[in-house]
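> Mind looking at a prediction? Sequence and model below.
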Number of protein chains: 2
Amino acid sequence: MKIGELARQTGVSVRSLRYYESQGLIAPVRQANGYREYSPLAIETVESIKLYLNLGLSTEEIAGFLNCVLKNKESFCAEVMPVYQSKLEEIEKQILQLNQIKLNLEQRISSILEEQHDQDILIDKEHGRE
Amino acid sequence: MKIGELARQTGVSVRSLRYYESQGLIAPVRQANGYREYSPLAIETVESIKLYLNLGLSTEEIAGFLNCVLKNKESFCAEVMPVYQSKLEEIEKQILQLNQIKLNLEQRISSILEEQHDQDILIDKEHGRE
DNA sequence: ATAAACCCTCACATCAGTGTGAGGGTCAAT
DNA sequence: ATTGACCCTCACACTGATGTGAGGGTTTAT
């Protein structure tokens, strides 16, 4: 099948399919006219790429084990686990950082609301309200 | 004071100070020779910029209220709260996304470990072990 | 007057995947 | 033979703060 057809079947843009090829993730054969010719298995390959990209892996990381996992169960491919582990650590670090920022933001928001509240009370007093 | 001195006093690189200027965050006067001349107050300005950058705000967002907060309490500047609120939402969204990815990674890691464990048991049986 | 230590502007590189467009072939159906 | 729908490669743009380097001026002290 040609690239447009593969794009339609997988929901991945033609541009991205060419990019995956440049990153060594998929290797269509070329027809005499230069067109890429994909085997039906390419659909599965692209679906796998999508899955791994959604896990936050880079194309480079995916390239390191894609050939293996396409032919075997993931658990057979020794390259997978270390990638998962280090990505997990990375993600956890990012979550911690974001939580710290979140806390800081929340504190600053609270401070502002409190000060504004205090200010409202003062204004009320000026106007003789309680 | 000149840019190098300000950089030393604040721990911010000369490059970054020039960048902040290009983003409208700080406006030194120019000496006859073209050198930037910063007032002593610039130190405080840069410290504020650092603080807001650490809260995950962009220079553009900071530019929207920096002048106000340098002259008043934050709670006085109406522009601040909406920025904090939307940044908080953004951060929370990112945390949710990362937590989803984290869950997926953990599940895949567990699956692999289970399969490998099962496989180990099989191998043990082949070799007559328990 | 020379050297060290400043300062200036301009501009490319980083990360990574994707959009977009130019300029140009190919193929199928009319 | 023309048209529309494909396909190709190459390359710039984006996001955003910062590093880095080229090429060149200024200041200060010796």
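Structure received.

> okay, CA-based contacts and neighbour counts for the rest of this
OK.

> In stretch A:58-74, which residues are buried?
The neighbour-count check on stretch A:58-74 (16 or more other C-alpha atoms under 10 Å in any protein chain shown) flags A:59, A:61-63, A:65-66, A:68-69, A:74 as buried.

> could I get those as CSV with secondary structure, pLDDT and distance to A:Gln94?
What follows is the buried residues of stretch A:58-74, written out as CSV (DSSP: H, G, I helix; E, B strand; the rest coil; pLDDT from 0 to 100; distance: C-alpha to C-alpha, whole Å):
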residue, secondary structure, pLDDT, distance to A:Gln94
A:Thr59, helix, 96, 20
A:Glu61, helix, 96, 19
A:Ile62, helix, 97, 21
A:Ala63, helix, 96, 24
A:Phe65, coil, 97, 24
A:Leu66, helix, 97, 26
A:Cys68, helix, 97, 29
A:Val69, helix, 97, 28
A:Glu74, helix, 94, 26
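
> OK, now which residue of chain A is nearest to DNA strand C?
The minimum distance from chain A to DNA strand C, using C-alpha to the nearest atom of the strand, falls at A:Ser58 (3.2 Å).

> For that residue, give its distance to DNA strand D.
Note on A:Ser58: its distance to DNA strand D, by C-alpha to the nearest atom of the strand, to the nearest Å, is 15 Å.

> same thing with A:Ile43?
Separation of A:Ile43 from DNA strand D (C-alpha to the nearest atom of the strand): 14 Å.

> For that residue, pull up the helix or strand it's in.
Counting by DSSP states H and E, the element that carries A:Ile43 is helix A:41-54.

> Which of the buried residues of stretch A:58-74 sits closest to chain B?
A:Glu74 (6.8 Å; C-alpha to the nearest C-alpha).

> name the helices or strands packed onto the helix or strand of chain A with the lowest mean pLDDT?
Ranked by mean pLDDT, DSSP states H and E, the helix or strand of chain A with the weakest confidence is helix A:80-126, at a mean of 91. Contacts defined by 3 or more C-alpha pairs under 8 Å, 6 or more residues apart in numbering or on different chains; DSSP states H and E place helix A:80-126 against helix B:80-126.

> Between helix A:80-126 and the helix it packs on, find me the angle.
Counting by axes from the mean of the first three to the mean of the last three C-alpha atoms, to 10 degrees, helix B:80-126 lies at 150 degrees to helix A:80-126.

> Check whether helix B:80-126 comes near DNA strand D.
No: using C-alpha under 7 Å from any atom of the strand, helix B:80-126 stays clear of DNA strand D, coming no nearer than 12.3 Å.

> Would you mind splitting chain A into its domains for me?
A:1-73, A:79-130 (automatic domain parsing).

> Distance to B:Ala42 for these - can I get that in a markdown table?
Shown next, in a markdown table, are the domains of chain A (distance: least, C-alpha to C-alpha, whole Å):
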| stretch | distance to B:Ala42 |
| --- | --- |
| domain A:1-73 | 40 |
| domain A:79-130 | 23 |
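
> wait, which of those is closest to B:Leu51?
domain A:79-130 (10.4 Å; C-alpha to C-alpha).

> which element is the spatially most central residue of chain A on?
For chain A, the residue nearest the mean C-alpha position is A:Gly56 (3.9 Å; C-alpha atoms, centre = their mean). Per DSSP H and E, A:Gly56 falls between elements, in no helix or strand.

> mind checking how far A:Tyr84 is from B:Ser110?
As judged by C-alpha to C-alpha, to the nearest Å, A:Tyr84 and B:Ser110 stand 11 Å apart.

> Correction: the previous question concerned A:Leu88.
12 Å.

> now do A:Glu79
Distance from A:Glu79 to B:Ser110, counting by C-alpha to C-alpha: 16 Å.

> A:Ile3 against A:Arg15, yeah?
No: the criterion here is C-alpha atoms under 8 Å, and A:Ile3 misses it with A:Arg15 at 9.6 Å.

> Many thanks, I have nothing further to ask.
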